[in-house]
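In: Whatever this is, show me its structure:
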Amino acid sequence: MSDRKLDLLTLDIADSIATVTLHAPPVNALSQLMLDEISSCFSNLSQNKLKVVVLTGNMNCGFSAGANIRELVSQNPQGNRQFFASLYQLFNQLEDIPFPLIAPINRFAMGAGLELALCADIRVMDDNARVAAAGVNMGLVFGTQRLSRLVGLGQAKNMVLTGRQITAHEAYDIGLVQYLSPPGQALNQAWKLAELIAQKSSLSVLGAKKVLNAGFDIPLDKGLHLEFEQLEKMLASEDFQQCTRAFLNKTAKL
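Out: Model (predicted):
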């Protein structure tokens, strides 16, 4: 196990599972320094042989309240343009990491904080937490694309155009999050999911994520072609041999 404390986040790695915890009191606002630290952290993680990454916010700070408004107000339009360019680049970086990313949401995830959570493959949410696509509340057009692809255009319009906060149960009902947990337990549930995923064939999990992402918005036949290419690789792998032998040994004992 390894621990690393940066200025605004903590990194812990145990059993090939990395936990990145944002810690920027009082609300984990996304400043330029925070963006830089997250980006640097995930660049380093990409060089490790990991199986899963969990991205969360310190329990006392929530997941993230979004962009640091005080910082935006103090900058000119060009400075703010550069900030949002960095923000978009970070989101793309998180989406493109090869290993599964799980985001447990505690207390709140607002605006760019919600968008940060949307970059994860799986989201777990405390059932007393709230989320909002809050761009219109700040006079911005933001958060229109990932959300609509995840929950559908109608639900995304409802959130984006009103900027209202929705409950964890609403988020679950529309498919924004995949799991609800009792208050304060989202991180523990995320770790259990991470441990379950870590038990699977790494090659299979990484290949499945790659094909799911690449095949999402292309024609079915092209998506199936991508899947078959990955399948061929797996059929020739030691992982496939080990998994099938383990399955046969398990069923023989039934």
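
In: how much space between the nearest residue to Val20 once chain neighbours are set aside and Phe91?
Out: Nearest residue to Val20, sequence neighbours excluded (CB to CB, 6 or more residues apart in numbering): Leu55, at 4.9 Å. The way it works is simple: take the backbone N, C-alpha and C, and place the C-beta from them, glycine included. Per CB to CB, to the nearest Å, Leu55 is found 12 Å from Phe91.

In: ditto for Cys41
Out: Taken as CB to CB, the span from Cys41 to Phe91 is 15 Å.

In: One more: Arg245?
Out: 41 Å.

In: Give me the residues contacting whatever helix or strand Val131 lives in.
Out: Using DSSP states H and E, the element containing Val131 is strand 130-132. For strand 130-132, contacts defined as CB atoms under 8 Å, 6 or more residues apart in numbering pick out 105, 107-111, 114, 117, 125, 159, 163-168, 171, 176.

In: go on, stretch 191-207?
Out: Here stretch 191-207 has contacts from 15-17, 19, 51-52, 54, 98-100, 102, 122, 124, 179, 230, 233-234, 237, 239-240, 242-243, using CB under 8 Å, 6+ apart.

In: out of these, which are inside strands?
Out: Ile17, Thr19, Val52, Val54, Ile102, Ile122, Val124, Tyr179 (DSSP state E).

In: Looking at the residues you listed, which is nearest Pro219?
Out: Checking the ones in strands among the contacts of stretch 191-207 against Pro219 with CB to CB, the nearest one is Ile122 at 25.9 Å.

In: tell me the contacts of the closest one?
Out: So Ile122 contacts Pro100, Leu101, Ile102, Ala103, Gln178, Tyr179, Ala190, Leu193 (CB under 8 Å, 6+ apart).
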